[in-house]
Every structure is written in C-alpha cells, then in structure tokens.
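[1] model the following, please.
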Amino acid sequence: MSKFYQSGTMFKREKISKKGSPIFRYALALCVQKLRIHSPVFSDYYYYSKIQEGKPTNVAITATTRKLIRAVWKMMKTNKVFDNLKKK
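    Now for the predicted structure:
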C-alpha cells in the first residue's frame with residue numbers, strides 16, 4: 001500500500017512504483033483497456049476524469065488500473081459483487 005506524508009495540512013501520497021511482476025502489470029493494463037470500452041464506471045473515470053484533465057494516455061491507464069485494483073480489493077474484503085452501473 002502507498003505511504004502518506006504529511007506537512008502541516010497537506011497530505012502527499014508516495015508515487016506509484018514499478019515493484020512486482022511486470023507480466024501482472026501488463027495483464028492489468030490489458031484488462032483496463034477492455035474495461036474502458038465495456039464498463040460505464042471505468043470508461044467514465046478514464047475519459048472524464050483523466051483524459052479531459054489533459055493527462056497522457058499511459059497516466060490515465062495507470063490511474064484506471066489503480067481504480068480496478070481498489071475495486072477488486074473491496075470486493076474481496078466485503079464479499080460483494082461489483083455493480084457495473086453504479087457510480088459514486
């Protein structure tokens with residue numbers, strides 16, 4: 001999990017590292033490529049949140065991959081099914 005650094009009222013999160021399996025990271029990126037086409041939740045996050053901010057494609061894919069990982073972790077932790085149509 002990422003670490004947080006605090007300085008006064010500002011919180012900073014540690015940058016995403018390239019630790020772990022490069023094959024697994026590649027597989028997650030491929031999953032995100034399909035999710036951004038077929039899933040309304042992930043496509044909205046990818047396009048509206050990242051691409052419209054002017055982020056490069058790889059940055060948007062990385063951010064969407066991180067969102068996917070958080071969603072999978074939450075499903076495993078709470079033992080619930082992901083609602084593809086639900087937006088927060």
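
[2] next up, the contacts around Tyr47.
    Each residue near Tyr47 by CB atoms under 8 Å, 6 or more residues apart in numbering is listed here: Arg36. Quick note: C-beta positions are derived from backbone N, CA and C, even for glycine.

[3] can you name every helix or strand that the top helix by length along the chain contacts?
    Criterion DSSP state H: the longest helix present in the chain is helix 57-78. When contacts are defined as 3 or more CB pairs under 8 Å, 6 or more residues apart in numbering; DSSP states H and E, helix 57-78 packs onto helix 22-38, helix 40-44.

[4] of the ones you listed, which is nearest Thr9?
    With CB to CB, the closest approach to Thr9 among those belongs to helix 40-44: 30.4 Å.

[5] that older thread, give me the residues contacting the longest helix of the chain.
    Outside helix 57-78, the residues that touch it by CB under 8 Å, 6+ apart are 16, 25, 28-29, 31-33, 35-36, 42, 45-46, 49-51, 55, 80-82.
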